[in-house]
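Trainee: Quick one, what's the 3D model for this:
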Amino acid sequence: MSSARSEVPTQRGLEATSLTQVRTDSMALCPACGGRRLTSIAMTLTDGSPVDFTSCHTCEYKTWLQNGKALDIDVVLAKAQKHK
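Mentor: Here you go, the predicted structure:
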């Protein structure tokens, strides 16, 4: 039984990551340290609020944006809380 692995082609200007390929020439910069190793995801909090979460792999800076405005962590936690 042979084990075949498929190779994922990489393109110039792309940096391979674990799940996706990200263009390194157009990445945002961390506002705290200027790092380029950011993870950004769109999510919906428990109360239904859509937010964009960004985390820096270099300095661990984190931010949640709603409609382009930064949310304080206390607001995020309140919006993410399940009410019984």
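Trainee: Could I get the pLDDT score of the nearest residue in space to Ser49 that is not next to it in sequence?
Mentor: The spatially closest residue to Ser49, leaving aside those adjacent along the chain, is Lys79, at 5.1 Å (CB to CB, 6 or more residues apart in numbering). Yep, even glycine has a C-beta here, placed from its N, CA and C like the rest. Per-residue confidence (pLDDT) for Lys79: 93.
Trainee: now do Ala28
Mentor: Value listed for Ala28 in the pLDDT field: 85.
Trainee: For burial, what's the neighbour tally of the nearest residue to Gln81 once chain neighbours are set aside?
Mentor: In space, and not counting its chain neighbours, Gln81 is closest to Thr46: 6.4 Å by CB to CB, 6+ apart. Counted with other CB atoms under 10 Å, the neighbours of Thr46 add up to 11.
Trainee: Confirm that Thr46 sits in a helix.
Mentor: No - going by DSSP: H, G, I helix; E, B strand; the rest coil, the assignment for Thr46 is coil, not a helix.
Trainee: what residues are up against it?
Mentor: Shown in contact with Thr46 (CB atoms under 8 Å, 6 or more residues apart in numbering): Lys79, Ala80, Gln81, Lys82.
Trainee: before we move on, what about Cys56?
Mentor: Contacts of Cys56 by CB under 8 Å, 6+ apart are Cys30, Ala32, Cys33, Gly35, Arg37, Leu38, Lys62.
Trainee: residue ranges with poor pLDDT in the protein?
Mentor: Within the chain, the stretches with pLDDT under 70 are 1-27.
Trainee: Would you map the helices across it?
Mentor: Along the chain, counting by DSSP state H, helices occupy 73-80.
Trainee: How are the strands of this structure distributed by residue range?
Mentor: All strands of the chain, identified by DSSP state E, fall at 14-16, 21-23, 38-44, 50-56, 62-66, 69-70.
Trainee: what's the neighbour count on Ala42?
Mentor: Look at Ala42: counted by other CB under 10 Å, it has 9 neighbours.
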